[in-house]
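Turn this into a structure:
(2 chains)
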Amino acid sequence: MSDLAIAPVETAHVSAPSTSLPRLGMPAPRFEAVTTHGKVRLEDFQGTWLVLFSHPADFTPVCTTEFMAFAAIAPELRKRNVELLGLSIDSPTSHIAWVLNIKEKFGVDIPFPIIADLNKEIATLYGMISPGESKTETSRCVFVIDPNGIVRAMIYYPLTTGRNTDEIIRLIDALQTTDKHKVATPANWKPGEKVIVPPPATMEEVEARLKAGFECKDWYICKKSV
Amino acid sequence: MACIGASGELTDSARRLLAALDPPAAPDQVAAHVELPLYRVRSGLREMAEAGLVEINDTGACAITALGRSLLHPAT
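The predicted model follows:
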(Lines give C-alpha, C1' and ligand atoms only; values in the text may rest on other atoms or scores of the structure.)
Protein backbone atom coordinates (compact mmCIF):
# COMPACT_ATOMS: atom_id res chain seq x y z
CA MET A 1 0.00 0.00 0.00
CA SER A 2 1.44 3.37 -0.91
CA ASP A 3 1.76 5.98 1.77
CA LEU A 4 -1.04 8.02 0.20
CA ALA A 5 -3.60 5.26 0.29
CA ILE A 6 -6.16 5.73 3.04
CA ALA A 7 -6.31 2.46 4.85
CA PRO A 8 -9.54 1.31 6.42
CA VAL A 9 -8.91 0.48 10.02
CA GLU A 10 -9.25 -3.27 10.12
CA THR A 11 -9.99 -3.49 13.80
CA ALA A 12 -11.87 -6.75 13.46
CA HIS A 13 -8.84 -8.49 12.00
CA VAL A 14 -6.10 -6.94 14.05
CA SER A 15 -4.50 -9.11 16.62
CA ALA A 16 -2.43 -7.77 19.45
CA PRO A 17 0.93 -6.35 18.42
CA SER A 18 3.68 -8.94 18.41
CA THR A 19 5.72 -6.86 20.81
CA SER A 20 5.18 -4.01 23.19
CA LEU A 21 6.60 -0.59 22.54
CA PRO A 22 9.84 0.55 24.06
CA ARG A 23 9.18 2.49 27.23
CA LEU A 24 10.22 6.04 27.97
CA GLY A 25 13.09 6.18 30.41
CA MET A 26 14.17 2.62 29.66
CA PRO A 27 17.18 1.44 27.64
CA ALA A 28 16.48 1.37 23.91
CA PRO A 29 16.38 -2.14 22.46
CA ARG A 30 19.81 -3.03 21.11
CA PHE A 31 20.25 -3.93 17.48
CA GLU A 32 22.74 -4.51 14.72
CA ALA A 33 21.53 -3.37 11.33
CA VAL A 34 22.51 -3.27 7.69
CA THR A 35 22.32 0.34 6.53
CA THR A 36 23.24 2.42 3.52
CA HIS A 37 26.36 3.40 5.48
CA GLY A 38 27.34 -0.14 6.42
CA LYS A 39 26.55 -2.28 9.42
CA VAL A 40 25.80 -0.28 12.56
CA ARG A 41 24.89 -1.13 16.11
CA LEU A 42 22.91 0.95 18.58
CA GLU A 43 26.00 1.23 20.77
CA ASP A 44 27.87 2.92 17.92
CA PHE A 45 25.78 5.98 18.80
CA GLN A 46 26.76 5.99 22.47
CA GLY A 47 27.70 9.53 23.46
CA THR A 48 25.47 11.13 20.84
CA TRP A 49 21.74 11.64 20.70
CA LEU A 50 20.00 9.48 18.13
CA VAL A 51 16.77 10.10 16.23
CA LEU A 52 15.73 6.68 14.95
CA PHE A 53 12.80 7.07 12.59
CA SER A 54 10.85 4.77 10.34
CA HIS A 55 9.02 5.42 7.11
CA PRO A 56 6.50 3.18 5.32
CA ALA A 57 8.35 2.56 2.07
CA ASP A 58 10.94 3.86 -0.37
CA PHE A 59 9.79 5.60 -3.56
CA THR A 60 6.56 6.87 -2.01
CA PRO A 61 5.56 10.52 -2.06
CA VAL A 62 5.05 11.47 1.58
CA CYS A 63 8.20 9.59 2.58
CA THR A 64 10.18 11.40 -0.08
CA THR A 65 9.07 14.79 1.25
CA GLU A 66 9.90 13.65 4.77
CA PHE A 67 13.37 12.46 3.81
CA MET A 68 14.15 15.80 2.24
CA ALA A 69 12.85 17.50 5.38
CA PHE A 70 15.02 15.30 7.60
CA ALA A 71 18.00 16.02 5.36
CA ALA A 72 17.30 19.74 5.74
CA ILE A 73 17.43 19.58 9.55
CA ALA A 74 20.47 17.29 9.69
CA PRO A 75 22.94 20.20 10.06
CA GLU A 76 20.89 21.70 12.91
CA LEU A 77 20.70 18.32 14.58
CA ARG A 78 24.43 17.78 14.16
CA LYS A 79 25.03 21.08 16.01
CA ARG A 80 23.06 19.53 18.87
CA ASN A 81 25.10 16.29 18.81
CA VAL A 82 22.21 14.38 17.24
CA GLU A 83 22.48 11.73 14.53
CA LEU A 84 19.64 10.59 12.28
CA LEU A 85 18.98 6.95 11.41
CA GLY A 86 16.14 5.98 9.06
CA LEU A 87 14.45 2.60 8.73
CA SER A 88 11.99 0.82 6.51
CA ILE A 89 11.17 -2.69 5.43
CA ASP A 90 13.06 -2.35 2.16
CA SER A 91 16.33 -3.69 0.82
CA PRO A 92 19.68 -1.86 0.83
CA THR A 93 19.47 -1.72 -2.96
CA SER A 94 16.06 -0.05 -2.81
CA HIS A 95 17.32 2.47 -0.26
CA ILE A 96 20.36 3.29 -2.39
CA ALA A 97 18.26 3.65 -5.55
CA TRP A 98 15.82 5.93 -3.72
CA VAL A 99 18.58 8.09 -2.25
CA LEU A 100 20.09 8.45 -5.73
CA ASN A 101 16.65 9.27 -7.14
CA ILE A 102 16.07 11.99 -4.55
CA LYS A 103 19.44 13.45 -5.47
CA GLU A 104 18.64 13.28 -9.19
CA LYS A 105 15.07 14.59 -9.06
CA PHE A 106 15.27 17.07 -6.18
CA GLY A 107 18.98 17.83 -5.83
CA VAL A 108 18.91 16.76 -2.18
CA ASP A 109 21.64 14.64 -0.56
CA ILE A 110 20.49 12.27 2.15
CA PRO A 111 23.33 12.43 4.66
CA PHE A 112 22.15 9.85 7.17
CA PRO A 113 22.11 6.04 7.06
CA ILE A 114 18.92 4.07 6.40
CA ILE A 115 18.36 0.65 7.92
CA ALA A 116 17.26 -2.09 5.54
CA ASP A 117 14.99 -4.04 7.88
CA LEU A 118 13.74 -6.63 5.44
CA ASN A 119 13.06 -9.24 8.11
CA LYS A 120 11.20 -6.65 10.27
CA GLU A 121 13.42 -7.55 13.20
CA ILE A 122 14.08 -4.00 14.36
CA ALA A 123 10.63 -2.77 13.35
CA THR A 124 9.15 -5.45 15.58
CA LEU A 125 11.60 -4.75 18.39
CA TYR A 126 10.55 -1.11 18.42
CA GLY A 127 6.84 -1.66 17.75
CA MET A 128 6.99 0.28 14.51
CA ILE A 129 4.40 -1.81 12.68
CA SER A 130 0.77 -0.87 13.26
CA PRO A 131 -1.22 -3.77 11.81
CA GLY A 132 -4.40 -1.70 11.75
CA GLU A 133 -2.72 0.49 9.13
CA SER A 134 -0.43 -1.97 7.39
CA LYS A 135 1.07 -5.32 8.21
CA THR A 136 3.95 -4.85 5.79
CA GLU A 137 5.03 -1.26 6.36
CA THR A 138 6.34 0.68 9.30
CA SER A 139 4.37 3.64 10.60
CA ARG A 140 6.01 7.06 10.79
CA CYS A 141 7.71 6.53 14.14
CA VAL A 142 10.38 8.64 15.81
CA PHE A 143 12.43 7.46 18.76
CA VAL A 144 14.67 9.96 20.49
CA ILE A 145 17.45 8.08 22.26
CA ASP A 146 19.86 9.94 24.51
CA PRO A 147 23.66 9.57 24.68
CA ASN A 148 23.26 6.90 27.36
CA GLY A 149 20.98 4.79 25.16
CA ILE A 150 17.78 5.68 27.03
CA VAL A 151 14.50 6.21 25.14
CA ARG A 152 13.53 9.79 25.90
CA ALA A 153 10.65 10.45 23.50
CA MET A 154 8.49 8.68 20.95
CA ILE A 155 6.31 10.10 18.18
CA TYR A 156 3.89 8.04 16.07
CA TYR A 157 2.26 9.39 12.93
CA PRO A 158 0.02 7.47 10.53
CA LEU A 159 0.92 6.54 6.98
CA THR A 160 -1.03 9.47 5.55
CA THR A 161 0.58 12.28 7.52
CA GLY A 162 4.08 13.62 7.10
CA ARG A 163 5.93 14.60 10.25
CA ASN A 164 6.87 18.10 11.34
CA THR A 165 10.66 18.19 11.55
CA ASP A 166 10.66 21.56 13.32
CA GLU A 167 8.89 19.79 16.17
CA ILE A 168 11.66 17.20 16.30
CA ILE A 169 14.25 19.96 16.71
CA ARG A 170 12.06 21.61 19.35
CA LEU A 171 11.74 18.31 21.17
CA ILE A 172 15.51 17.80 21.17
CA ASP A 173 16.04 21.35 22.43
CA ALA A 174 13.53 20.76 25.22
CA LEU A 175 15.09 17.45 26.27
CA GLN A 176 18.60 18.87 26.25
CA THR A 177 17.44 21.92 28.23
CA THR A 178 15.80 19.61 30.76
CA ASP A 179 19.00 17.63 31.15
CA LYS A 180 21.22 20.68 31.43
CA HIS A 181 19.11 22.74 33.84
CA LYS A 182 16.96 20.10 35.59
CA VAL A 183 13.76 21.85 34.55
CA ALA A 184 10.62 21.07 32.56
CA THR A 185 9.30 22.95 29.55
CA PRO A 186 5.77 24.30 29.09
CA ALA A 187 3.44 23.85 26.13
CA ASN A 188 4.81 25.16 22.85
CA TRP A 189 8.07 26.13 24.56
CA LYS A 190 10.89 27.31 22.35
CA PRO A 191 14.52 28.01 23.22
CA GLY A 192 14.89 31.38 24.91
CA GLU A 193 11.51 31.20 26.61
CA LYS A 194 11.05 30.64 30.33
CA VAL A 195 11.04 27.09 31.65
CA ILE A 196 9.08 25.39 34.40
CA VAL A 197 10.66 24.89 37.79
CA PRO A 198 9.87 21.31 38.85
CA PRO A 199 6.99 21.23 41.33
CA PRO A 200 7.94 21.06 45.00
CA ALA A 201 7.51 17.81 46.88
CA THR A 202 7.64 19.15 50.41
CA MET A 203 6.42 22.17 52.34
CA GLU A 204 10.01 23.21 52.86
CA GLU A 205 10.51 23.30 49.09
CA VAL A 206 7.31 25.34 48.70
CA GLU A 207 8.56 27.96 51.12
CA ALA A 208 12.01 27.97 49.53
CA ARG A 209 10.70 28.49 46.03
CA LEU A 210 8.41 31.32 47.04
CA LYS A 211 11.51 33.16 48.28
CA ALA A 212 13.65 32.22 45.29
CA GLY A 213 12.47 34.97 42.99
CA PHE A 214 10.85 32.71 40.43
CA GLU A 215 7.90 33.94 38.36
CA CYS A 216 5.10 32.13 40.22
CA LYS A 217 1.38 32.22 39.51
CA ASP A 218 0.90 29.96 42.47
CA TRP A 219 3.12 27.69 44.55
CA TYR A 220 2.91 24.84 42.04
CA ILE A 221 3.52 26.73 38.81
CA CYS A 222 6.73 28.72 38.69
CA LYS A 223 8.87 29.71 35.74
CA LYS A 224 12.39 30.97 35.37
CA SER A 225 14.83 31.90 32.65
CA VAL A 226 17.78 29.64 31.89
CA MET B 1 30.88 1.16 5.92
CA ALA B 2 32.45 -1.29 3.57
CA CYS B 3 36.22 -1.30 4.06
CA ILE B 4 37.10 -3.44 1.05
CA GLY B 5 35.91 -2.53 -2.43
CA ALA B 6 34.63 -4.84 -5.16
CA SER B 7 38.09 -5.46 -6.56
CA GLY B 8 39.74 -6.05 -3.20
CA GLU B 9 41.19 -2.60 -2.63
CA LEU B 10 40.57 -0.43 0.41
CA THR B 11 37.67 1.98 0.12
CA ASP B 12 38.37 5.69 0.52
CA SER B 13 36.80 5.82 3.97
CA ALA B 14 38.81 2.76 5.08
CA ARG B 15 42.01 4.46 3.89
CA ARG B 16 41.14 7.56 5.88
CA LEU B 17 40.49 5.55 9.03
CA LEU B 18 43.62 3.42 8.71
CA ALA B 19 45.78 6.47 8.03
CA ALA B 20 44.46 8.00 11.27
CA LEU B 21 45.66 5.05 13.36
CA ASP B 22 49.36 5.88 13.38
CA PRO B 23 49.86 6.27 16.30
CA PRO B 24 47.04 4.13 17.71
CA ALA B 25 43.99 6.15 18.62
CA ALA B 26 40.58 5.86 20.24
CA PRO B 27 37.51 6.10 17.99
CA ASP B 28 36.60 9.60 19.18
CA GLN B 29 40.11 10.80 18.38
CA VAL B 30 39.87 9.21 14.95
CA ALA B 31 36.46 10.79 14.35
CA ALA B 32 37.84 14.23 15.14
CA HIS B 33 40.82 13.64 12.87
CA VAL B 34 38.95 12.34 9.82
CA GLU B 35 35.83 14.48 10.38
CA LEU B 36 33.45 11.55 10.18
CA PRO B 37 30.58 10.93 12.60
CA LEU B 38 31.62 8.84 15.58
CA TYR B 39 29.14 6.06 14.76
CA ARG B 40 30.70 5.63 11.33
CA VAL B 41 34.17 5.47 12.80
CA ARG B 42 33.11 2.88 15.37
CA SER B 43 31.35 0.70 12.81
CA GLY B 44 34.17 1.09 10.30
CA LEU B 45 36.88 0.20 12.81
CA ARG B 46 34.88 -2.80 13.98
CA GLU B 47 34.49 -4.00 10.42
CA MET B 48 38.19 -3.57 9.78
CA ALA B 49 39.01 -5.38 13.02
CA GLU B 50 36.90 -8.30 11.79
CA ALA B 51 38.87 -8.20 8.53
CA GLY B 52 42.18 -8.23 10.41
CA LEU B 53 43.19 -4.74 9.36
CA VAL B 54 42.85 -3.19 12.82
CA GLU B 55 43.46 -4.36 16.37
CA ILE B 56 41.37 -2.97 19.21
CA ASN B 57 42.99 -3.19 22.63
CA ASP B 58 41.34 -3.44 26.04
CA THR B 59 41.17 0.33 26.46
CA GLY B 60 39.41 0.76 23.12
CA ALA B 61 42.42 2.21 21.34
CA CYS B 62 42.80 1.00 17.78
CA ALA B 63 46.02 0.19 15.95
CA ILE B 64 46.67 -0.71 12.36
CA THR B 65 47.90 -4.28 11.82
CA ALA B 66 50.63 -5.43 9.47
CA LEU B 67 47.92 -6.55 7.04
CA GLY B 68 46.23 -3.16 7.27
CA ARG B 69 49.53 -1.42 6.71
CA SER B 70 50.29 -3.58 3.68
CA LEU B 71 46.95 -2.66 2.11
CA LEU B 72 47.32 1.00 2.99
CA HIS B 73 50.84 1.18 1.58
CA PRO B 74 51.10 -1.62 -1.01
CA ALA B 75 54.59 -2.38 -2.26
CA THR B 76 55.10 -0.97 -5.70
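
Contacts only, for residue 40.
In the absence of a named chain, chain A is used. A:E32, A:A33, A:L85, A:P113, A:I115, B:Y39, B:S43 (CB atoms under 8 Å, 6 or more residues apart in numbering or on different chains). Where you see a C-beta, it was placed from the backbone N, CA and C, and this is true even at glycine.

Chain B is the one I meant
Counted by CB under 8 Å, 6+ apart, B:R40 has contacts A:H37, A:G38, B:M1, B:S13, B:A31.

From the contacts of A:V40, keep the buried residues only.
Neighbour-count burial (16 or more other CB atoms under 10 Å in any protein chain shown) applied to those gives A:A33, A:L85, A:P113, A:I115, B:Y39, B:S43.

just to revisit the earlier point, rebuild the contacts of A:V40 as CSV, extending it with secondary structure and distance to A:W219.
Below are the contacts of A:V40 laid out as CSV (DSSP: H, G, I helix; E, B strand; the rest coil; distance: CB to CB, whole Å):
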residue, secondary structure, distance to A:W219
A:E32, strand, 50
A:A33, strand, 49
A:L85, strand, 43
A:P113, coil, 48
A:I115, strand, 48
B:Y39, helix, 45
B:S43, helix, 51
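
for the residues you listed, which one is nearest B:E55?
If you rank those by distance to B:E55 using CB to CB, B:S43 comes first, at 16.7 Å.

how about that closest one, what does it touch?
For B:S43, the contact set (CB under 8 Å, 6+ apart) comprises A:H37, A:G38, A:K39, A:V40, A:R41, A:D44, B:M1.

ok, those vs A:C141, which is closest?
Once CB to CB is applied, the member of these that ends up nearest A:C141 is A:V40, at 18.0 Å.

Please enumerate the helices of chain A.
A:61-79, A:92-106, A:121-125, A:165-181, A:203-210 (DSSP state H).

cool, and chain B?
Ranges of helices within chain B are B:12-19, B:27-34, B:38-50, B:66-72, based on DSSP H.

Just the mean pLDDT for the last one, thanks.
Per-residue pLDDT values across helix B:66-72 average out to 92.

And for the first one?
Model confidence over helix B:12-19, given as mean pLDDT, is 93.

That helix to helix B:38-50, inter-axis angle?
If you take axes from the mean of the first three to the mean of the last three CA atoms, to 10 degrees, helix B:12-19 sits at 80 degrees to helix B:38-50.

Centre of the chain to helix B:12-19, how far?
Mean C-alpha position of helix B:12-19 versus that of the full chain (CA atoms, centre = their mean, to the nearest Å) differs by 6 Å.

helices and strands around that helix, which ones?
Here helix B:12-19 touches helix B:27-34, helix B:38-50, helix B:66-72, going by 3 or more CB pairs under 8 Å, 6 or more residues apart in numbering or on different chains; DSSP states H and E.

so which of those is the most packed in?
Ranked by mean neighbour count, the helices and strands packed on helix B:12-19 are led by helix B:38-50 with a mean of 23 (mean count of other CB atoms under 10 Å in any protein chain shown).

would you turn the helices and strands packed on helix B:12-19 into a markdown table with distance to A:P61?
Formatted as a markdown table, those follow (distance: least, CB to CB, whole Å):
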| stretch | distance to A:P61 |
| --- | --- |
| helix B:27-34 | 36 |
| helix B:38-50 | 29 |
| helix B:66-72 | 44 |
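
How about the residues of chain B by chain A?
When proximity is defined as CB under 8 Å from any CB of the partner chain, chain B approaches chain A at B:M1, B:A2, B:D28, B:P37, B:L38, B:Y39, B:R40, B:R42, B:S43, B:G44, B:R46, B:E47.
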